[in-house]
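Student: Sequence and predicted structure are below.
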Amino acid sequence: MPMRFESMFPTGTPPSGKKQPLTAATASDGVPEITLYGDIVKRRPTNWRTGKPAEGSFIILSEFLDELKKVEKAKALRIRIHSAGGHAYDSMTIHNRLKELAGRGMKIEVSVDGVAMSGGSLIMCAAGTVKVFPGSLVMIHRCWAFLFGGYNASELRREADGNDAVDRSQAAIYHAKTGMSQEDIISMMDAETYMTGQEAIDKGFADEMVEGAALEVSASADRRTLYVGGMPVWVSRAEGGIPQHVDIPVFTEACPPDGCAADGINIKQPGQAGGKEEYPMAKNMEELRVENPELAEKLMAEAQAAASAELDSKAGDAGRAERDRIRGIDEISALFDDETVREAKYGEKPCTAQEMTYRAALKAAKDGKSFMSDLAEDAEASGAAKVGAAPPPDDEKRKADKEDAAAEGSKAGRQYAQMMGGKDKDE
């Protein structure tokens with residue numbers, strides 16, 4: 001069964017480096033606090049190139065449940081979230097476990113530090129109190145399912161039914177938080193609806209506005225890609241990208257206070273192992289030109305060289321084929337008139353030696369009747385029939401003539417076989 005996803009790619013650690021993907025602590029007021037930054041997954045993905053755990057920021061279900069178990073007897077819990085979503089089933093599991101604790105009397109508060117999108121918004125809605133910043137962003141949409149392999153119509157309909165069921169479950173979660181009808185919520189999900197902090201409050205997804213510094217949220221000029229703290233966290237599938245009515249600044253090359261690369265795409269992040277700084281990988285040539293111009297130019301040069309070599313190879317093959325065609329015609333040109341040879345080489349329909357031979361044979365067949373008739377008329381007009389027979393040659397001369405004729409016939413046969421692509425018995 002295909003996995004239902006709620007996001008496009010990992011959000012990455014914020015530029016400040018102060019928050020890890022999933023951390024637990026106790027605030028100064030004694031309330032336990034869990035920080036959830038990253039994509040929501042069942043287990044850490046594997047880097048297919050190395051076979052090692054993938055670098056990046058992930059909210060791993062098992063790790064979250066372990067941390068939650070440590071604080072399940074607390075009277076209150078504070079969660080700080082910045083997530084573009086992830087696996088739908090895992091997102092709903094986290095939501096349901098939090099709602100279970102809330103049902104036991106735990107006071108749950110969620111603060112949207114950056115974005116709470118799709119699966120992230122499901123977790124957000126488990127809180128009795130949702131706090132947002134003016135620059136926070138909330139987004140809801142229908143879930144996606146990635147399919148690989150061959151499927152028939154019935155199988156595809158079953159997968160669509162599965163997606164519909166997930167969407168109804170999500171709508172029920174949003175309904176419980178906002179009080180909106182599920183029909184209206186489904187319409188919002190269908191439209192891939194984005195809400196700023198204040199809009200989320202207006203629609204009932206959030207409860208309180210918090211003034212202060214939050215993670216900077218911006219969008220690409222075409223409004224297709226969303227950036228948080230200078231890092232790409234979401235690629236919109238909606239027509240036209242993020243709607244124009246959503247008040248969100250355009251992503252610029254300005255760097256965050258702790259530094260970034262040329263345009264803020266390649267932000268240094270605290271390493272998750274060994275203390276090394278890690279860099280997010282460029283996703284296209286445009287980003288690579290910004291992050292590593294020398295490597296981009298090298299790759300382009302190699303690609304151009306490979307394309308040129310391929311063209312040269314094809315041109316060389318074509319040149320050799322043309323030389324072989326002309327050579328084949330020249331080898332048998334003595335058997336045909338100049339016009340036939342010239343037409344085969346350079347006419348409107350140039351051809352090979354074999355095709356030239358075939359065309360000449362067809363022409364001879366069409367001209368055969370008039371040729372024989374003309375030959376008979378010429379013989380009668382010459383009076384050759386009235387000329388007496390010549391004395392027979394002696395036996396030795398007759399034998400020699402037969403041998404010469406046989407040799408010429410054998411030679412002609414070999415030439416014809418070679419022209420038509422065959423081999424004689426002596427080869």
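Tutor: All right, it came through fine.
Student: which residues touch Ala74?
Tutor: Contacts for Ala74 (Cβ atoms under 8 Å, 6 or more residues apart in numbering) come out as Val31, Pro32, Met106. In short, each C-beta sits where N, CA and C put it, glycine included.
Student: Tell me which of these fall in strands.
Tutor: Judged by DSSP state E, the subset of these located in strands is Pro32.
Student: Can you tell me which of the contacts of Ala74 lies closest to Glu211?
Tutor: Val31 (20.4 Å; Cβ to Cβ).
Student: My read is that that closest one contacts Arg78, right?
Tutor: Yes - with contact defined as Cβ atoms under 8 Å, Val31 counts as touching Arg78 (5.1 Å).
Student: returning to what we had before: dump the contacts of Ala74 into CSV; add pLDDT and neighbour count as well.
Tutor: Shown next, in CSV, are the contacts of Ala74 (pLDDT from 0 to 100; neighbours: other Cβ atoms under 10 Å):
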residue, pLDDT, neighbour count
Val31, 91, 16
Pro32, 92, 19
Met106, 96, 18
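Student: which one among the contacts of Ala74 gets closest to Phe133?
Tutor: The closest of these, once distances to Phe133 are taken by Cβ to Cβ, is Val31, at 19.3 Å.
Student: Now the closest one. Its backbone dihedrals?
Tutor: When read as degrees, to the nearest 10, the backbone of Val31 gives phi -90, psi 130.
Student: Quickly note the distance from it to Lys69.
Tutor: 17 Å (Cβ to Cβ, to the nearest Å).
Student: And for Arg104, the neighbour number?
Tutor: Using other Cβ atoms under 10 Å, Arg104 has 8 neighbouring residues.
Student: any idea how far Lys42 is from it?
Tutor: Distance from Arg104 to Lys42, by Cβ to Cβ: 25 Å.
Student: can you give me the helices in the protein?
Tutor: Taking DSSP state H, the helices of the chain run over residues 61-71, 88-103, 119-124, 153-178, 182-190, 197-202, 285-291, 293-331, 338-346, 353-382, 395-419.
Student: possible to save the contacts of Ala74 as TSV with distance to Ile186?
Tutor: Supplementary listing: these in TSV, determined by distance: Cβ to Cβ, whole Å:
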residue	distance to Ile186
Val31	35
Pro32	35
Met106	30
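Student: Going by distance to Ala344, which of the contacts of Ala74 wins?
Tutor: For these, the nearest to Ala344 is Pro32 (91.2 Å; Cβ to Cβ).
Student: Now do the closest residue to the closest one other than its chain neighbours, the pLDDT please.
Tutor: Once flanking residues are discounted, Pro32 sits nearest to Val71: 4.2 Å by Cβ to Cβ, 6 or more residues apart in numbering. Looking at Val71, its pLDDT reads 91.
Student: Please apply the same query to Met209.
Tutor: 95.
Student: burial count for it?
Tutor: 14.
Student: which residues of this structure score low on pLDDT?
Tutor: Under the criterion pLDDT under 70, the flagged ranges of the chain are 1-28, 213-214, 253-298, 300, 302, 304-316, 367-427.
Student: ok, back up a step: make sure the residue nearest to Pro32 is actually in contact with Ile79.
Tutor: No - contact criterion Cβ under 8 Å: Val71 and Ile79 do not qualify, at 10.5 Å.
Student: Overlap in contacts, those two.
Tutor: Ile34.
Student: Compare neighbour counts for those two and give me the winner.
Tutor: Remark: of Val71 and Ile79, Ile79 carries more neighbours, 23 against 18, as counted by other Cβ under 10 Å.
Student: I'd like the distance between the more buried one and His95.
Tutor: From Ile79 over to His95 (counting by Cβ to Cβ), the distance is 11 Å.
Student: Which neighbours do the two have in common?
Tutor: The contact lists of Ile79 and His95 share Ile123, where a contact means Cβ under 8 Å, 6+ apart.
Student: from memory Ile192 sits against Arg237, does it?
Tutor: That one is not Ile; residue 192 is Glu. Yes - if you go by Cβ under 8 Å, Glu192 and Arg237 touch, sitting 6.9 Å apart.
Student: between these two, who's got more neighbours?
Tutor: Taking other Cβ under 10 Å, Glu192 and Arg237 do not tie; Glu192 has more neighbours (19 against 12).
Student: what's near enough to touch the more buried one?
Tutor: By Cβ under 8 Å, 6+ apart, the contact list for Glu192 reads Met139, Ile140, His141, Arg142, Ser236, Arg237, Ala238.
Student: Same question for Ala165.
Tutor: Here Ala165 is in contact with no residue (Cβ under 8 Å, 6+ apart).
Student: and the chain, what are its domains?
Tutor: Following automatic domain parsing, one gets these domains for the chain: 4-278, 306-381+405-419.
Student: Next one: Gly120 from Tyr89, what distance?
Tutor: 14 Å.
Student: So these two - more neighbours on which side?
Tutor: With neighbours defined as other Cβ under 10 Å, Gly120 and Tyr89 compare such that Gly120 has more, 32 against 18.
Student: what sits opposite the closest residue in space to the more buried one that isn't next to it in sequence in the beta ladder?
Tutor: Using Cβ to Cβ, 6+ apart and skipping the chain neighbours, the partner closest in space to Gly120 is Ser83 (3.4 Å). Applying DSSP bridges to Ser83 yields these beta-bridge partners: Ala116.
Student: ok, Ser83 touching Val41?
Tutor: No - between Ser83 and Val41 there is no contact under Cβ under 8 Å: 10.8 Å.
Student: what touches both of those two?
Tutor: Common neighbours of Ser83 and Val41 (Cβ under 8 Å, 6+ apart) are Ile59.
Student: Single out the most deeply packed of the domains of the chain.
Tutor: Mean neighbours per residue, mean count of other Cβ atoms under 10 Å, is largest over those for domain 4-278, with a mean of 18.
Student: re the thing from before, put together CSV for the contacts of Glu192, with distance to Gly229 on each row.
Tutor: Formatted as CSV, the contacts of Glu192 follow (distance: Cβ to Cβ, whole Å):
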residue, distance to Gly229
Met139, 17
Ile140, 22
His141, 22
Arg142, 27
Ser236, 18
Arg237, 23
Ala238, 23
